[in-house]
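Peer 1: Here you go, sequence then predicted model.
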Amino acid sequence: MMTRRLVQLFTGLAMYGISLAMFIRAGLGLDPWDVFHQGLANRTGLSIGVVVIAVSFLVLLLWIPLRQMPGFGTLCNAILVGVFADIGLALIPTVSYLAGQIGLLAGAVLANAVASACYIGAGFGPGARDGLMTGLARRTGWTVRFSRTLIEVTVLAAGWLLGGSVGVGTVVYALAIGPLVHLLLPRFVVGPGKASAAREPTTANC
């Protein structure tokens, strides 16, 4: 059981990073957090993977006043998604024709959904951004939906101002990721934390 959970966790995080690279190469827009990551990468000259890792640990600092405790999966998430995003960008070429862009976008959304179901279902703790959302909701009394919307609108606006890519892919992701993860998650939940893992929020870039 533990072996399966670990394999599922690492597979999910690798797929999540690769899906981010697919979104970028499709060139049709990113999810809110990755619009922010890309904007920072454009401004700083750092790779997007390095930015994802740096932002993850900065977000984890915000867990302290929220009294959130990271799990093993939280720390793995903070590092591995960025590492595999850069690997994916090194391997996946830019697509310049529309049919290819649409196909790559569709593949990215599906890969991201499977990746999310894998790492959430493994039950090793939420990603830094998910934990920020749930911690904020718990400490303020706001709903998770409101907390998620507030955070994602904020990072989307900041990312757009920094030059991150907003487009049809942003909308497609927002509409598709929740239903897809909801459909896939029961197939991937394992271990003693089945009930809690099945209730984990499905946000962008865990």
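Peer 2: Everything's here; your move. Numbering: from 1, shown residues only.
Peer 1: what about the helices in the protein?
Peer 2: In order along the chain, the chain carries the following helices (DSSP state H): 2-26, 32-44, 48-66, 72-91, 98-122, 128-140, 144-161, 168-188, 194-198.
Peer 1: Which of those helices has the highest mean neighbour count?
Peer 2: Per-stretch averages of neighbours, counted by mean count of other C-beta atoms under 10 Å, single out helix 32-44 among the helices of the chain, with a mean of 23. No exception for glycine: its C-beta is placed from N, CA and C like everyone else's.
Peer 1: circling back: Throw the helices of the chain into TSV and include mean pLDDT, thanks.
Peer 2: TSV is the format used below for the helices of the chain (pLDDT from 0 to 100):
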stretch	mean pLDDT
helix 2-26	96
helix 32-44	97
helix 48-66	97
helix 72-91	97
helix 98-122	96
helix 128-140	93
helix 144-161	94
helix 168-188	94
helix 194-198	49
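Peer 1: Ala176: what's it in contact with?
Peer 2: With contact taken as C-beta atoms under 8 Å, 6 or more residues apart in numbering, Ala176 is in contact with Val109, Ala113.
Peer 1: how near is it to Ser147?
Peer 2: 21 Å (C-beta to C-beta, to the nearest Å).
Peer 1: Over to Ala115?
Peer 2: When distances are taken as C-beta to C-beta, Ala115 and Ser147 turn out to be 23 Å apart.
Peer 1: Could you do Leu6 as well?
Peer 2: Computed with C-beta to C-beta, the distance linking Leu6 and Ser147 is 30 Å.
Peer 1: swap in Thr11?
Peer 2: The spacing between Thr11 and Ser147, counted by C-beta to C-beta, is 29 Å.
Peer 1: What of Thr140?
Peer 2: Thr140 is 7 Å from Ser147, where distance means C-beta to C-beta.
Peer 1: swap in Val83?
Peer 2: Plainly put, Val83 is 28 Å away from Ser147 if you go by C-beta to C-beta.
Peer 1: cool, Arg5 as well?
Peer 2: Distance check for Arg5 against Ser147: by C-beta to C-beta, it reads 28 Å.
Peer 1: what are the phi and psi angles of the residue lying farthest from the centre of the chain?
Peer 2: For the chain, the C-alpha farthest from the mean C-alpha position belongs to Tyr97; by C-alpha atoms, centre = their mean, that distance is 26.2 Å. Torsion angles at Tyr97 (phi, psi; degrees, to the nearest 10) stand at phi -110, psi 150.
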